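1. mind looking at a prediction? Sequence and model below.
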Amino acid sequence: MKRGAAALLAACCLFGGEPARGQGASTAVRLFADTDDDDDDGAADSAAERLDAARAKDVRWLTVAERSAVQGAARILSPVARWVVDGRGLAPGAALPRGARRVGVQGLGAGRTSVVGGGSLELTVLELAAFDAHGGRVDLARSHASISRVLPAFLSEDAAGAADQDALRWVVTGPEATLPERLEIVSERPDGTPLDRLTDVELWHQACAPGTAPKLECRTSPLIRATVDPIDRSHPESSGRSIRAEVGGRLLVRAFEQKAGSVRVGGPRSTALGPVERFRARLRVHVLRASPGGPPALGNTAAEALALARGEIDAASFIWGQCGIHFGMGKDASVELVDPPVSHLIAVGCELGLPASGGEVRLRVGKRAIRVTTAFGDTPFSVAERLSRALVAAGFTVALGRNAQNESGALPSVDLSVRQGDQLVAVERDGDAPLSSDPSLDVCLGSVDLADGLDHFRDDDAPAGTIEERALIKAYADRDPRTIEVFVVPNFSGQGRVGESFLDAEGSAIRNTVIIDRLAVRAGARSHVLSHELGHVLLDMPGHPDDYGVDQPTALMDADATDPSIFGPRRLSIDECERALRQRGPSARVPLLEPWPLVRPR
């Protein structure tokens, strides 16, 4: 026997094939049915006639020796596989054309078949499928995996252990005695980089679904949870059945050191709004220095500050992935390191917004002295308009914005942000004269001094924010209502405050904005502060579910939970996911969430 034929026979016997009858040799090939969607077009790769590099990822290309074994008009004898020739998939049963440059085999369904030509090729095709906790099949090409929103059943307070609606059971079907005993599951991020790996996932025999062909067997895994962070992933009671996953990424399943199948990761598969694939919210993150040119609020260097901020964006994407919401890859996000702004803000009416009694507003912008008179009964807005006209006449650009009225205020105050071109311009007192000589209408300058912490709002001025907050936000916000502005400051004034948010409230000049401090970032998974504050914006919810209800320490939106364990605040309910999409989705008055399909247009 020639050496080449002996090698082919050894390969045959290793995989359980039989030598071919008559002339030629027999070799055995094992592959998996190509029922997933590697090119993200929403259809199984095996359904495509033309196979580019992405669609052909799971094609088993024949070696020179294997091709020599099937020379001639070889046919695959049953429809469990088909030929792929030079980038084109042939119909099941079609003959292999002569002169093909590259020949492969693509699995279509579980079974065993032969290829008969000059020799023979024995094909064993296994099929991987995913099923939810209720036994419903999850189509690998048209559906997706989703991230668990609940504690593992054996850690839940519910003794019965409610079924995890998002966990998946992996089932392999194939001819008798050909199935793997274990699987490996690999999780990838949206850009294809590895995220997590779950090895030695045990399979056990189970009865196959009705309608499965005779002589096929099935093996199943336990329910595998896709989790939000390393803490949830690593709990000793669930680590063997949990894997980190990210919306927009993939779960790849391997057996026999080859890919068995994959599925995209998206939002909840079952909601009142239908299946949720993926939505994106856009963040603009501004990391403040403690003083002009001083140290950043995060880390010790500019590079470290930006890296930490991007890490926070990634962490928020993992948490909100429970609802299919993503904020974009942190490495590509809009993140900048900025100085505290100069005193560019003029607040007419300050905090109380009292009408004028009569007097004069005096201030200096650069070398220009600005004077505006007030009359009895003038509102803060009418005075602000006159002041704006005077500033424009002096060569400056003014952004005028009315604030929400404070609870203790008579009228809304009005802010003017002064620029020259794109640059903020400092506004000062004109000598020793007061900014306003009017006995009732106050005028204040908004300055940002972070040495004593950022002055934060309280209950009475929450709709408008403090003058210092407004001076900070209005210096850097892009005025696009569809983006969420995030500011990271060294700390807040006083104690206890680590984050706050401004919603899309009617009449408010500051909307869809979040401020956190360095302690919030240091807290990390103990409280997920950025994700929590983004939740107020996305849910359009100023309060917390437990303010007037049952305390839920595992809920992300719990008012005061802090816990670094799996029982800490990180869970989002289906109701909250649905609320976010209703309040901030494409049909909202000001949409913050835009569709970001997992499947690309054909």
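-> That came through fine. Numbers count the residues shown, from 1 in each chain.
2. residue closest to the middle of the chain?
-> By Cα atoms, centre = their mean, the chain has its centre lying nearest to residue 326, at 2.4 Å.
3. ranges for the strands of the stretch 251-400 of the chain?
-> Secondary structure of the stretch 251-400 of the chain (DSSP state E, counting those that start in this stretch): strands at 258-266, 279-280, 282-288, 325-326, 334-338, 345-348, 359-365, 368-374, 397-402.
4. and residue 66, that's in a strand?
-> No: applying DSSP: H, G, I helix; E, B strand; the rest coil, one finds residue 66 to be helix, outside a strand.
5. excluding chain neighbours, what is closest to it?
-> Computed as Cβ to Cβ, 6 or more residues apart in numbering, the closest residue to residue 66 that is not its neighbour in sequence is residue 27, at 5.7 Å. The way it works is simple: take the backbone N, C-alpha and C, and place the C-beta from them, glycine included.
6. name the element the one you found belongs to?
-> Assigned by DSSP states H and E, residue 27 belongs to strand 26-32.
7. may I see the buried residues of stretch 39-56?
-> Within stretch 39-56, the residues that count as buried by 16 or more other Cβ atoms under 10 Å are 39, 41, 44, 45, 46, 48, 51, 55, 56.
8. may I see those residues organised as TSV, with pLDDT added?
-> Listed next are the buried residues of stretch 39-56 as TSV, based on pLDDT from 0 to 100:
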residue	pLDDT
39	95
41	95
44	97
45	97
46	96
48	95
51	95
55	95
56	95
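9. let's have the strands of the stretch 251-400 of the chain in a markdown table, adding mean pLDDT and distance to residue 96.
-> Putting those into a markdown table (pLDDT from 0 to 100; distance: least, Cβ to Cβ, whole Å) gives the following:
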| stretch | mean pLDDT | distance to residue 96 |
| --- | --- | --- |
| strand 258-266 | 98 | 23 |
| strand 279-280 | 98 | 46 |
| strand 282-288 | 98 | 51 |
| strand 325-326 | 98 | 45 |
| strand 334-338 | 96 | 53 |
| strand 345-348 | 97 | 76 |
| strand 359-365 | 96 | 82 |
| strand 368-374 | 96 | 85 |
| strand 397-402 | 94 | 71 |
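10. which stretch among the ones you listed comes nearest residue 154?
-> For the strands of the stretch 251-400 of the chain, proximity to residue 154 was assessed by Cβ to Cβ; strand 258-266 is nearest, at 24.1 Å.
11. partner strands of that closest one, with direction?
-> The strands beside strand 258-266 in its sheet (DSSP bridges) come out as strand 145-146 (parallel), strand 250-255 (antiparallel).
12. now what about the last one, what contacts it?
-> For strand 250-255, the external contacting residues (Cβ atoms under 8 Å, 6 or more residues apart in numbering) are 32, 126, 128, 145, 170, 172, 180, 182-188, 226, 243, 245, 259-265.
13. show me how to select, in PyMOL, the buried members of these.
-> Here is the PyMOL command that selects only those of the contacts of strand 250-255 that count as buried (16+ other Cβ under 10 Å):
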select buried, resi 32+126+128+145+170+172+180+183+184+185+186+187+188+226+243+245+259+260+261+262+263+264+265
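14. tell me the most buried of the strands paired with strand 258-266?
-> strand 145-146 (a mean of 28; mean count of other Cβ atoms under 10 Å).
15. now, among the buried residues of stretch 39-56, which is nearest to residue 210?
-> Closest approach to residue 210 among the buried residues of stretch 39-56 (Cβ to Cβ): residue 44, at 21.9 Å.
16. contacting residues around the closest residue to that closest one other than its chain neighbours?
-> Counting by Cβ to Cβ, 6+ apart, residue 141 is the residue found nearest to residue 44 once chain neighbours are left out, at 4.3 Å. The contact partners of residue 141, taken as Cβ under 8 Å, 6+ apart, are 35, 36, 37, 42, 43, 44, 45.
17. could I get the pLDDT score of residue 141?
-> pLDDT, residue 141: 97.
18. quick one, phi psi at it?
-> Backbone torsions of residue 141, given as degrees, to the nearest 10, read phi -100, psi -40.
19. and for residue 230?
-> When read as degrees, to the nearest 10, the backbone of residue 230 gives phi -60, psi -30.
20. hey, where'd the helices end up in the stretch 51-200 of the chain?
-> 64-69 (DSSP state H, counting those that start in this stretch).
21. for it, which spans come out with low pLDDT?
-> For the stretch 51-200 of the chain, applying pLDDT under 70 flags the ranges 118-119, 156-162.
22. tell me where it has strands.
-> Going by DSSP E, counting those that start in this stretch, the stretch 51-200 of the chain shows strands at 60-61, 75-76, 81-85, 88-89, 103-107, 111-116, 120-131, 137-138, 145-146, 168-175, 182-188, 194-202.
23. which strands border the strand holding residue 27, and is each parallel or antiparallel?
-> Here strand 26-32 is paired, per DSSP bridges, with strand 120-131 (parallel).
24. quick one: contacts for residue 286?
-> By Cβ under 8 Å, 6+ apart, the residues touching residue 286 are 336, 338, 476, 485, 486, 487, 488.
25. quick one: which of these sit in strands?
-> Assigned to strands by DSSP state E, the following of the contacts of residue 286 qualify: 336, 338, 485, 486, 487, 488.
26. buried ones in the longest helix belonging to the chain?
-> Ranked by residue count under DSSP state H, the longest helix found in the chain is helix 302-320. For helix 302-320, the buried set under the neighbour-count rule, 16+ other Cβ under 10 Å, comprises 305-306, 308-310, 312-320.
27. what about residue 46, which SS state?
-> Using three-state DSSP, the structure places residue 46 in helix.
28. try residue 501
-> Per three-state DSSP, residue 501 ends up strand.
29. residue 522 sits in which helix or strand?
-> Using DSSP H and E, residue 522 falls within helix 518-523.
30. same question, residue 582
-> Assigned by DSSP H and E, residue 582 falls in helix 574-584.
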